[in-house]
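A.B. asks: Provide a 3D model corresponding to the input given below.
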Amino acid sequence: MIAAFEANLNQVSVHRVGNKLLDEFYVLSDAPLRLKDELLNKLLMQYFLTPFEKVNEVYRFMHSSDDLNLNEVFHFCDEVFADEANFHNVSQQLTRYLFDNTNHPKIKPGELYVALFKNIQLEGELLDAVGIFKSETKETYLKVYPDTGGFNLEYDQDGVNIHKLDKGCLIFNTEKEEGYKVLVIDQTNRNNEAVYWKDDFLKVKIRNDSFNQTSNTLSIYKNFVAEKLDDEFELTKADKIDLLNRSMKYFKEKETFDLDEFGDEVLGNEKAIESFKSYKSQYEQDHETEIASTFDISNAAVKKQSRVYKSVLKLDRNFHIYIHGNKELIEKGFDDDRAMNYYKVYFKEEA
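C.D. replies: Next comes the predicted model:
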(Lines give C-alpha, C1' and ligand atoms only; values in the text may rest on other atoms or scores of the structure.)
Protein backbone atom coordinates (compact mmCIF):
# COMPACT_ATOMS: atom_id res chain seq x y z
CA MET A 1 0.00 0.00 0.00
CA ILE A 2 2.69 2.52 0.95
CA ALA A 3 5.97 3.41 -0.76
CA ALA A 4 8.75 4.65 1.49
CA PHE A 5 11.63 5.33 -0.91
CA GLU A 6 11.25 9.11 -0.40
CA ALA A 7 10.35 8.92 3.29
CA ASN A 8 12.30 10.40 6.18
CA LEU A 9 12.15 9.62 9.89
CA ASN A 10 11.91 13.09 11.38
CA GLN A 11 11.50 12.29 15.11
CA VAL A 12 11.01 9.23 17.30
CA SER A 13 10.33 8.88 21.03
CA VAL A 14 10.46 5.61 22.95
CA HIS A 15 8.53 4.78 26.14
CA ARG A 16 7.51 1.59 27.93
CA VAL A 17 3.99 0.37 28.67
CA GLY A 18 3.18 -2.24 31.31
CA ASN A 19 -0.07 -4.08 32.00
CA LYS A 20 -2.31 -1.93 34.18
CA LEU A 21 -4.40 -4.90 35.26
CA LEU A 22 -1.28 -6.65 36.59
CA ASP A 23 -0.14 -3.57 38.52
CA GLU A 24 2.66 -2.87 36.06
CA PHE A 25 3.45 0.72 35.17
CA TYR A 26 4.58 2.88 32.28
CA VAL A 27 7.94 4.60 31.90
CA LEU A 28 8.27 7.85 29.96
CA SER A 29 11.46 9.13 28.37
CA ASP A 30 12.41 12.77 28.89
CA ALA A 31 13.19 13.56 25.27
CA PRO A 32 13.08 12.09 21.74
CA LEU A 33 15.88 9.85 20.52
CA ARG A 34 18.89 11.57 18.97
CA LEU A 35 19.34 9.63 15.75
CA LYS A 36 22.90 10.43 14.71
CA ASP A 37 23.68 6.92 13.44
CA GLU A 38 22.59 6.69 9.80
CA LEU A 39 22.44 2.88 9.86
CA LEU A 40 20.23 2.90 12.98
CA ASN A 41 17.93 5.35 11.24
CA LYS A 42 17.62 3.01 8.23
CA LEU A 43 16.98 -0.01 10.46
CA LEU A 44 14.20 1.82 12.28
CA MET A 45 12.64 2.85 8.97
CA GLN A 46 12.73 -0.78 7.86
CA TYR A 47 11.25 -1.99 11.15
CA PHE A 48 8.45 0.59 11.18
CA LEU A 49 7.45 0.88 7.52
CA THR A 50 8.20 -2.36 5.63
CA PRO A 51 5.20 -4.28 7.12
CA PHE A 52 2.81 -1.64 5.74
CA GLU A 53 3.90 -2.14 2.14
CA LYS A 54 1.45 -5.06 1.85
CA VAL A 55 -1.40 -3.55 3.89
CA ASN A 56 -4.38 -2.65 1.68
CA GLU A 57 -7.17 -1.78 4.12
CA VAL A 58 -7.49 1.90 4.99
CA TYR A 59 -9.21 2.84 8.24
CA ARG A 60 -10.55 6.08 9.69
CA PHE A 61 -10.82 7.29 13.25
CA MET A 62 -14.32 7.26 14.68
CA HIS A 63 -16.22 7.97 17.89
CA SER A 64 -19.60 6.70 19.01
CA SER A 65 -20.82 10.29 19.40
CA ASP A 66 -19.72 11.16 15.82
CA ASP A 67 -17.50 13.90 17.32
CA LEU A 68 -14.00 13.01 16.09
CA ASN A 69 -12.38 15.34 18.62
CA LEU A 70 -13.48 12.93 21.35
CA ASN A 71 -11.28 10.22 19.82
CA GLU A 72 -8.10 10.60 21.86
CA VAL A 73 -5.61 9.35 19.27
CA PHE A 74 -7.20 11.52 16.57
CA HIS A 75 -6.94 14.51 18.92
CA PHE A 76 -3.29 13.82 19.83
CA CYS A 77 -2.24 13.36 16.18
CA ASP A 78 -4.07 16.54 15.25
CA GLU A 79 -1.89 18.39 17.79
CA VAL A 80 1.28 17.07 16.14
CA PHE A 81 0.14 17.94 12.61
CA ALA A 82 -0.79 21.45 13.81
CA ASP A 83 2.56 22.02 15.54
CA GLU A 84 5.46 19.57 15.46
CA ALA A 85 6.84 21.13 18.64
CA ASN A 86 4.09 19.17 20.43
CA PHE A 87 5.52 15.83 19.23
CA HIS A 88 7.30 14.51 22.34
CA ASN A 89 4.63 15.70 24.74
CA VAL A 90 2.00 14.00 22.58
CA SER A 91 4.06 10.78 22.53
CA GLN A 92 3.92 10.76 26.35
CA GLN A 93 0.16 11.34 26.32
CA LEU A 94 -0.31 8.48 23.87
CA THR A 95 1.69 6.21 26.19
CA ARG A 96 -0.50 7.09 29.17
CA TYR A 97 -3.62 6.57 27.09
CA LEU A 98 -2.47 3.16 25.82
CA PHE A 99 -1.65 2.18 29.40
CA ASP A 100 -5.22 3.09 30.45
CA ASN A 101 -6.53 0.73 27.75
CA THR A 102 -4.31 -2.20 28.74
CA ASN A 103 -6.93 -4.06 30.74
CA HIS A 104 -6.55 -7.72 29.82
CA PRO A 105 -4.20 -10.07 31.70
CA LYS A 106 -2.77 -11.52 28.46
CA ILE A 107 -1.67 -8.18 27.01
CA LYS A 108 2.12 -8.12 27.05
CA PRO A 109 4.22 -5.19 28.22
CA GLY A 110 6.57 -3.62 25.73
CA GLU A 111 8.19 -0.57 24.24
CA LEU A 112 6.02 2.06 22.57
CA TYR A 113 7.60 3.97 19.70
CA VAL A 114 5.97 7.16 18.45
CA ALA A 115 7.45 8.51 15.21
CA LEU A 116 6.97 11.41 12.85
CA PHE A 117 7.57 10.71 9.16
CA LYS A 118 7.86 12.94 6.11
CA ASN A 119 7.00 12.02 2.51
CA ILE A 120 5.47 8.56 2.77
CA GLN A 121 3.61 7.80 -0.44
CA LEU A 122 0.04 6.62 0.03
CA GLU A 123 -2.40 6.26 -2.87
CA GLY A 124 -0.28 8.52 -5.07
CA GLU A 125 0.27 11.30 -2.49
CA LEU A 126 3.39 12.20 -0.51
CA LEU A 127 2.19 12.71 3.05
CA ASP A 128 3.41 13.34 6.56
CA ALA A 129 2.42 10.67 9.05
CA VAL A 130 2.48 9.89 12.74
CA GLY A 131 3.46 6.29 13.48
CA ILE A 132 2.64 4.44 16.69
CA PHE A 133 4.34 1.06 17.17
CA LYS A 134 4.57 -1.44 20.01
CA SER A 135 7.14 -4.21 20.41
CA GLU A 136 6.01 -7.04 22.67
CA THR A 137 7.90 -10.13 21.53
CA LYS A 138 11.49 -10.49 22.69
CA GLU A 139 13.98 -12.88 21.10
CA THR A 140 17.44 -14.19 21.99
CA TYR A 141 20.32 -13.23 19.70
CA LEU A 142 23.89 -14.52 19.56
CA LYS A 143 26.81 -12.23 18.85
CA VAL A 144 30.05 -13.77 17.60
CA TYR A 145 33.21 -11.67 17.93
CA PRO A 146 36.97 -12.26 17.50
CA ASP A 147 38.87 -13.15 20.66
CA THR A 148 42.41 -14.25 21.45
CA GLY A 149 43.19 -17.31 19.38
CA GLY A 150 39.71 -17.51 17.80
CA PHE A 151 36.21 -16.33 18.61
CA ASN A 152 33.85 -15.87 21.51
CA LEU A 153 30.10 -15.60 21.98
CA GLU A 154 27.69 -13.27 23.76
CA TYR A 155 23.90 -13.31 23.83
CA ASP A 156 21.04 -10.90 24.32
CA GLN A 157 17.80 -12.37 25.64
CA ASP A 158 15.70 -9.23 25.16
CA GLY A 159 16.35 -8.35 21.54
CA VAL A 160 13.75 -7.01 19.10
CA ASN A 161 13.51 -8.62 15.67
CA ILE A 162 13.28 -5.75 13.16
CA HIS A 163 11.56 -8.09 10.70
CA LYS A 164 8.61 -8.71 13.06
CA LEU A 165 6.55 -5.67 14.01
CA ASP A 166 4.02 -6.71 16.66
CA LYS A 167 1.61 -3.78 16.54
CA GLY A 168 1.60 -0.57 14.58
CA CYS A 169 -0.41 2.14 12.89
CA LEU A 170 0.30 4.99 10.52
CA ILE A 171 -1.90 8.09 10.68
CA PHE A 172 -1.60 10.23 7.52
CA ASN A 173 -2.12 13.97 7.48
CA THR A 174 -4.90 13.98 4.92
CA GLU A 175 -8.73 13.96 4.94
CA LYS A 176 -8.87 15.16 8.55
CA GLU A 177 -12.61 15.89 8.41
CA GLU A 178 -13.30 12.25 7.55
CA GLY A 179 -11.03 10.87 10.29
CA TYR A 180 -7.64 10.82 8.52
CA LYS A 181 -6.32 7.82 6.59
CA VAL A 182 -5.05 5.15 8.98
CA LEU A 183 -3.22 1.87 8.32
CA VAL A 184 -3.19 -0.74 11.10
CA ILE A 185 -1.14 -3.86 11.88
CA ASP A 186 -1.66 -6.28 14.78
CA GLN A 187 0.40 -9.48 14.55
CA THR A 188 0.13 -10.75 18.14
CA ASN A 189 -2.70 -11.97 20.36
CA ARG A 190 -5.31 -12.11 17.63
CA ASN A 191 -8.00 -13.26 20.04
CA ASN A 192 -10.37 -11.19 22.17
CA GLU A 193 -7.58 -9.62 24.21
CA ALA A 194 -6.14 -8.04 21.07
CA VAL A 195 -9.13 -5.82 20.30
CA TYR A 196 -7.74 -3.21 22.65
CA TRP A 197 -5.27 -2.04 19.96
CA LYS A 198 -7.72 -1.41 17.12
CA ASP A 199 -11.02 -1.00 18.96
CA ASP A 200 -10.18 0.41 22.39
CA PHE A 201 -6.97 2.37 21.78
CA LEU A 202 -7.28 3.55 18.17
CA LYS A 203 -11.07 3.36 17.74
CA VAL A 204 -11.00 2.97 13.96
CA LYS A 205 -13.40 1.66 11.35
CA ILE A 206 -12.59 0.49 7.88
CA ARG A 207 -12.95 3.05 5.10
CA ASN A 208 -16.01 2.08 3.10
CA ASP A 209 -14.69 2.95 -0.38
CA SER A 210 -14.81 1.00 -3.65
CA PHE A 211 -11.73 -1.05 -2.71
CA ASN A 212 -13.30 -2.35 0.48
CA GLN A 213 -16.76 -2.72 -1.07
CA THR A 214 -15.26 -4.85 -3.84
CA SER A 215 -12.99 -6.83 -1.54
CA ASN A 216 -15.74 -7.52 1.01
CA THR A 217 -18.28 -8.57 -1.62
CA LEU A 218 -15.86 -11.03 -3.23
CA SER A 219 -14.90 -12.39 0.18
CA ILE A 220 -18.54 -12.78 1.23
CA TYR A 221 -19.40 -14.55 -2.01
CA LYS A 222 -16.42 -16.90 -1.68
CA ASN A 223 -17.49 -17.87 1.85
CA PHE A 224 -21.10 -18.19 0.70
CA VAL A 225 -20.13 -20.69 -2.01
CA ALA A 226 -17.81 -22.60 0.32
CA GLU A 227 -20.04 -22.72 3.42
CA LYS A 228 -23.69 -21.96 2.68
CA LEU A 229 -24.64 -23.43 -0.69
CA ASP A 230 -24.10 -27.00 0.52
CA ASP A 231 -26.99 -26.52 2.95
CA GLU A 232 -29.45 -25.93 0.12
CA PHE A 233 -28.00 -27.49 -3.04
CA GLU A 234 -26.06 -30.59 -4.01
CA LEU A 235 -22.86 -29.22 -5.54
CA THR A 236 -19.65 -30.88 -6.62
CA LYS A 237 -16.34 -29.15 -6.08
CA ALA A 238 -16.25 -28.50 -9.81
CA ASP A 239 -19.62 -26.72 -9.52
CA LYS A 240 -18.26 -24.51 -6.74
CA ILE A 241 -15.13 -23.68 -8.72
CA ASP A 242 -17.32 -22.76 -11.67
CA LEU A 243 -19.37 -20.40 -9.50
CA LEU A 244 -16.19 -18.74 -8.22
CA ASN A 245 -14.80 -18.43 -11.74
CA ARG A 246 -18.03 -16.83 -12.95
CA SER A 247 -17.98 -14.29 -10.14
CA MET A 248 -14.35 -13.38 -10.84
CA LYS A 249 -15.15 -13.03 -14.55
CA TYR A 250 -18.01 -10.66 -13.67
CA PHE A 251 -15.77 -8.44 -11.53
CA LYS A 252 -12.98 -8.38 -14.11
CA GLU A 253 -15.29 -7.43 -17.00
CA LYS A 254 -17.62 -4.95 -15.30
CA GLU A 255 -16.89 -1.43 -14.14
CA THR A 256 -19.81 -1.28 -11.70
CA PHE A 257 -21.24 -3.92 -9.39
CA ASP A 258 -25.01 -4.34 -9.29
CA LEU A 259 -26.37 -6.92 -6.85
CA ASP A 260 -29.40 -7.92 -8.94
CA GLU A 261 -27.37 -8.15 -12.15
CA PHE A 262 -24.68 -10.15 -10.34
CA GLY A 263 -27.26 -12.59 -9.02
CA ASP A 264 -28.82 -13.13 -12.46
CA GLU A 265 -25.52 -13.50 -14.37
CA VAL A 266 -23.48 -15.47 -11.84
CA LEU A 267 -25.88 -17.48 -9.69
CA GLY A 268 -28.83 -17.69 -12.10
CA ASN A 269 -31.14 -19.31 -9.56
CA GLU A 270 -33.79 -17.41 -7.60
CA LYS A 271 -33.38 -19.47 -4.46
CA ALA A 272 -29.59 -19.11 -4.55
CA ILE A 273 -29.87 -15.35 -5.19
CA GLU A 274 -32.12 -14.82 -2.18
CA SER A 275 -29.85 -17.00 -0.07
CA PHE A 276 -26.83 -14.90 -1.07
CA LYS A 277 -28.63 -11.63 -0.28
CA SER A 278 -29.58 -13.01 3.12
CA TYR A 279 -26.00 -14.16 3.73
CA LYS A 280 -24.71 -10.69 2.78
CA SER A 281 -27.18 -9.00 5.12
CA GLN A 282 -26.12 -11.23 8.00
CA TYR A 283 -22.49 -10.33 7.34
CA GLU A 284 -23.33 -6.62 7.42
CA GLN A 285 -25.14 -7.08 10.71
CA ASP A 286 -22.38 -9.17 12.31
CA HIS A 287 -19.61 -6.78 11.23
CA GLU A 288 -21.59 -3.55 11.65
CA THR A 289 -20.76 -2.44 8.13
CA GLU A 290 -22.88 -1.65 5.10
CA ILE A 291 -22.05 -2.91 1.62
CA ALA A 292 -23.95 -1.07 -1.08
CA SER A 293 -26.00 -2.92 -3.67
CA THR A 294 -24.28 -0.85 -6.35
CA PHE A 295 -20.69 0.43 -6.33
CA ASP A 296 -17.71 1.07 -8.61
CA ILE A 297 -15.48 -1.99 -8.90
CA SER A 298 -11.87 -1.59 -7.74
CA ASN A 299 -9.43 -3.40 -10.04
CA ALA A 300 -6.83 -3.46 -7.25
CA ALA A 301 -9.26 -5.27 -4.96
CA VAL A 302 -10.17 -7.76 -7.71
CA LYS A 303 -6.49 -8.48 -8.29
CA LYS A 304 -5.93 -9.05 -4.58
CA GLN A 305 -8.94 -11.37 -4.18
CA SER A 306 -8.07 -13.35 -7.31
CA ARG A 307 -5.04 -14.71 -5.44
CA VAL A 308 -7.29 -16.51 -2.93
CA TYR A 309 -9.97 -17.61 -5.39
CA LYS A 310 -9.02 -21.22 -6.00
CA SER A 311 -9.74 -22.86 -9.36
CA VAL A 312 -7.89 -26.10 -8.57
CA LEU A 313 -9.61 -29.45 -8.12
CA LYS A 314 -7.32 -31.65 -6.02
CA LEU A 315 -7.77 -35.40 -6.51
CA ASP A 316 -6.09 -37.47 -3.81
CA ARG A 317 -2.35 -36.93 -4.21
CA ASN A 318 -2.24 -37.93 -7.85
CA PHE A 319 -3.84 -35.13 -9.87
CA HIS A 320 -4.72 -31.44 -9.85
CA ILE A 321 -7.28 -30.21 -12.38
CA TYR A 322 -7.29 -26.47 -13.09
CA ILE A 323 -10.76 -25.31 -14.14
CA HIS A 324 -10.74 -21.96 -15.92
CA GLY A 325 -13.66 -22.10 -18.31
CA ASN A 326 -16.67 -24.15 -19.37
CA LYS A 327 -17.79 -26.47 -16.57
CA GLU A 328 -19.76 -28.54 -19.09
CA LEU A 329 -16.46 -29.94 -20.41
CA ILE A 330 -15.83 -31.89 -17.20
CA GLU A 331 -17.99 -34.74 -15.95
CA LYS A 332 -17.88 -36.64 -12.67
CA GLY A 333 -18.70 -40.35 -12.38
CA PHE A 334 -18.15 -43.48 -10.30
CA ASP A 335 -16.43 -46.68 -11.52
CA ASP A 336 -18.10 -49.69 -9.86
CA ASP A 337 -15.31 -52.11 -10.79
CA ARG A 338 -12.61 -49.97 -9.18
CA ALA A 339 -14.90 -48.49 -6.53
CA MET A 340 -13.44 -45.09 -7.29
CA ASN A 341 -14.66 -41.68 -8.44
CA TYR A 342 -13.47 -40.31 -11.77
CA TYR A 343 -13.62 -37.14 -13.86
CA LYS A 344 -13.98 -37.13 -17.64
CA VAL A 345 -12.43 -34.06 -19.32
CA TYR A 346 -13.20 -32.97 -22.90
CA PHE A 347 -10.71 -30.94 -24.96
CA LYS A 348 -9.80 -30.28 -28.60
CA GLU A 349 -6.01 -30.21 -28.47
CA GLU A 350 -3.10 -30.33 -26.06
CA ALA A 351 -1.15 -27.17 -25.40
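A.B. asks: how much space separates the spatially closest residue to I2 that is not a sequence neighbour from L98?
C.D. replies: Nearest non-adjacent residue to I2, counting by Cβ to Cβ, 6 or more residues apart in numbering: F52, 4.9 Å away. (Each C-beta comes from the backbone N, C-alpha and C, glycine too.) Distance from F52 to L98, counting by Cβ to Cβ, to the nearest Å: 19 Å.
A.B. asks: between these two, who's got more neighbours?
C.D. replies: Using other Cβ atoms under 10 Å as the criterion, F52 and L98 rank with L98 on top: 25 against 22.
A.B. asks: give me the helices and strands touching the helix or strand harbouring L98, please.
C.D. replies: For L98, the host element (DSSP states H and E) is helix 87-100. Helix 87-100 sits against strand 8-17, strand 26-27, helix 72-82, strand 110-122, with contacts defined as 3 or more Cβ pairs under 8 Å, 6 or more residues apart in numbering; DSSP states H and E.
A.B. asks: output these as JSON lines; include the columns mean neighbour count, distance to M248 and mean pLDDT.
C.D. replies: Output for the helices and strands packed on helix 87-100, formatted as JSON lines (neighbours: other Cβ atoms under 10 Å; distance: least, Cβ to Cβ, whole Å; pLDDT from 0 to 100):
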{"stretch": "strand 8-17", "mean neighbour count": "19", "distance to M248": "40", "mean pLDDT": "96"}
{"stretch": "strand 26-27", "mean neighbour count": "15", "distance to M248": "49", "mean pLDDT": "96"}
{"stretch": "helix 72-82", "mean neighbour count": "20", "distance to M248": "38", "mean pLDDT": "97"}
{"stretch": "strand 110-122", "mean neighbour count": "20", "distance to M248": "27", "mean pLDDT": "96"}
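A.B. asks: nearest to E232, of those?
C.D. replies: Closest to E232 of those, according to Cβ to Cβ: strand 110-122, at 42.9 Å.
A.B. asks: packing partners for that closest one?
C.D. replies: Looks like strand 110-122 contacts strand 2-3, strand 8-17, helix 38-49, helix 87-100, strand 125-135, strand 167-172 (3+ Cβ pairs under 8 Å, 6+ apart).
A.B. asks: flag every buried residue along the longest one.
C.D. replies: In other words, helix 87-100. In terms of neighbour count (16 or more other Cβ atoms under 10 Å), helix 87-100 has its buried residues at F87, H88, V90, S91, Q92, Q93, L94, T95, L98, F99.
A.B. asks: low-confidence regions, this protein specifically.
C.D. replies: Low-confidence segments of the chain (pLDDT under 70): 189-194, 288, 308-314, 316, 318-329, 351.
A.B. asks: outline the domain layout of it.
C.D. replies: The record assigns the chain these domain ranges, following automatic domain parsing: 2-136+163-206, 210-345.
A.B. asks: mind checking how far the longest one is from the chain centre?
C.D. replies: Meaning domain 2-136+163-206. Here domain 2-136+163-206 shows a centroid-to-chain-centroid distance of 15 Å under the convention Cα atoms, centre = their mean, to the nearest Å.
A.B. asks: need the distance between the two termini of that domain.
C.D. replies: 17 Å (Cα to Cα, to the nearest Å).
A.B. asks: now do the contacts for the residue nearest to I2.
C.D. replies: By Cβ atoms under 8 Å, 6 or more residues apart in numbering, the contact set of F52 is M1, I2, G168, L170, L183, I185.
A.B. asks: again, 6 Å this time
C.D. replies: Applying Cβ atoms under 6 Å, 6 or more residues apart in numbering to F52 gives the contacts I2, L170, L183.
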